[in-house]
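*Asks:* no FASTA, just this:
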């Protein structure tokens with residue numbers, strides 16, 4: 001559950017660019033947005049910002065703990081952002097359509113804590129990204145194979 005974000009409580013002044021980027025992120029909580037996605041979203045709504053400003057605001061938000069940055073592609077070249085959630089979650093990424101699916105599994109979380117404690121490790125953060133083929137792409141592949149057979 002993502003709570004309403006108050007920039008002042010995060011130590012940031014409410015500037016027009018920050019509010020615009022925050023509104024873009026809040027309007028798109030169902031997806032992970034790149035800086036380019038935020039830029040295009042604002043441009044389409046006649047609220048254009050320079051790309052450098054979008055990057056700067058996202059970096060400020062990351063430093064303030066408002067957003068989390070992820071790299072889901074194999075080369076780790078594309079950065080995407082999501083509003084920081086009060087609940088930790090993990091991700092499954094489709095290697096075909098690049099869709100990202102969030103999930104939370106208490107058993108996985110508890111097992112990770114158990115492993116950390118058994119190894120005498122002091123955990124500060126963690127992430128789990130699973131890569132595979134989503135059900136939608138799997139169905140399309142099966143339909144394509146069936147069409148070829150006929």
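*Replies:* Sure thing, it's come through. The shown structure was predicted, so the numbers you read here are calculated from the model rather than taken from an experiment.

*Asks:* Please name the nearest non-neighbouring residue to residue 123.
*Replies:* residue 116 (4.6 Å; C-beta to C-beta, 6 or more residues apart in numbering). Every residue, glycine included, has its C-beta placed from N, CA and C.

*Asks:* what about the one you found, how many residues close to it?
*Replies:* Residue 116: 13 surrounding residues under other C-beta atoms under 10 Å.

*Asks:* I'd assumed residue 136 was in a strand, is it?
*Replies:* No - Residue 136: not assigned to a strand; according to DSSP: H, G, I helix; E, B strand; the rest coil it is helix.

*Asks:* ok, residues contacting the lowest-mean-pLDDT helix or strand in the chain?
*Replies:* Using mean pLDDT, DSSP states H and E, the weakest-scoring helix or strand in the chain turns out to be helix 135-149, at a mean of 82. For helix 135-149, contacts defined as C-beta atoms under 8 Å, 6 or more residues apart in numbering pick out 94, 96-97, 99, 133.

*Asks:* try 6 Å
*Replies:* Helix 135-149 has contacts (C-beta atoms under 6 Å, 6 or more residues apart in numbering) with 94, 96-97.

*Asks:* mind listing the strands for the chain?
*Replies:* 67-71, 79-83, 90-94, 100-103, 129-132 (DSSP state E).

*Asks:* okay if I get those as CSV plus mean neighbour count and mean pLDDT?
*Replies:* Listed next are the strands of the chain as CSV, based on neighbours: other C-beta atoms under 10 Å; pLDDT from 0 to 100:
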stretch, mean neighbour count, mean pLDDT
strand 67-71, 17, 91
strand 79-83, 20, 92
strand 90-94, 17, 91
strand 100-103, 14, 90
strand 129-132, 11, 92
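
*Asks:* Quick check: which of those strands is nearest to residue 10?
*Replies:* Closest to residue 10 of those is strand 67-71 (C-beta to C-beta; 10.7 Å).

*Asks:* quick check: domain ranges of the chain?
*Replies:* Following automatic domain parsing, the chain resolves into domains at 1-86, 87-150.

*Asks:* deepest of these, which one?
*Replies:* Most buried of those by mean neighbour count (mean count of other C-beta atoms under 10 Å) is domain 1-86; its value is a mean of 15.

*Asks:* got the angle for the least confident helix or strand of the chain vs strand 90-94?
*Replies:* The directions of helix 135-149 and strand 90-94 differ by 20 degrees, with axes from the mean of the first three to the mean of the last three C-alpha atoms, to 10 degrees as the criterion.
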